[in-house]
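1. what's the 3D shape of this:
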Amino acid sequence: MRGWIPAVIFALVSIGLELFFLNYLVGLGFVNLQIPIPIGPFTIPVSMALMLSLGVVVVLVSLWVSVFENLAYVRTGPDREVRRLLYPLRMVRVAALVLTPFTILLFTPYVVVSGWFLGFASSTSGLHGGASAIYNWGAGLRELDFSMRFVISQLIATSGAILVSGLQLWRVRGTRNLMLLLRKKR
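-> Model prediction:
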């Protein structure tokens, strides 16, 4: 499992998530602009939304790698067998830490303004006041151009993944620095 294979698997999962999101938006009415790029005698159509999505995948993979490198062997002890068991578990944990907030924030603006969610929120007595606020917010969001909504949701989701990854790195580095400080005082 060590090496590039886990990073490739994570990248493929991230690409699959981005393609699913892009397909979801095309189903909602998003017009995917394609620009023809001439390469020799051929012209290759390049999707601008797909290029943005692949750029986000690069950010996600780099976040995953940096968080995983800092978390792989923290507090595992000197035993090789324990480290060998914890390595893949921590790899999956970090992947979940990066992809979960990204996925939730990516789809939240579209789910919150959907008709079934607004119907559910207005029918539930506890959410009735919140439903009108969500509806007013959603009306403002629906006035935006579809491409602008796509870019905003990508940026918000990427910022959320960066924030969670940064908090995880801060927690790990803060723990390391605290342990070094405690060792020096002894």
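2. and the residue nearest the centre of the chain, how far is that from Leu33?
-> Ranked by distance to the mean C-alpha position of the chain (C-alpha atoms, centre = their mean), the top residue is Phe102 at 2.5 Å. For Phe102, the distance to Leu33 equals 24 Å [C-beta to C-beta, to the nearest Å]. C-beta: built from backbone N, CA, C; applies to glycine.
3. got it, and Asn136?
-> In terms of C-beta to C-beta, Asn136 sits 30 Å off from Leu33.
4. Give me the local confidence score for Leu17.
-> Looking at Leu17, its pLDDT is 92.
5. Need the nearest residue in space to it, chain neighbours excluded.
-> Once flanking residues are discounted, Leu17 sits nearest to Thr103: 6.3 Å by C-beta to C-beta, 6 or more residues apart in numbering.
6. ok, that neighbour - how many residues close by?
-> Neighbours of Thr103 under the rule other C-beta atoms under 10 Å: 17.
7. ditto for Leu54
-> 15.
8. Gly27 too?
-> Based on other C-beta under 10 Å, the number of other residues close to Gly27 is 8.
9. Double-check that it belongs to a helix.
-> Yes. Counting by DSSP: H, G, I helix; E, B strand; the rest coil, one finds Gly27 located in a helix.
10. So for it, what's the pLDDT?
-> Gly27 is given a pLDDT of 84.
11. Kindly report the same for Ser114.
-> With respect to pLDDT, Ser114 scores 71.
12. do you know how far it is from Arg142?
-> 11 Å.
13. just the strands in the protein please.
-> 34-39, 42-47 (DSSP state E).
14. if I pick Phe10, what's in contact with it?
-> Contact analysis of Phe10 by C-beta atoms under 8 Å, 6 or more residues apart in numbering lists Leu60, Val61, Trp64, Ala95.
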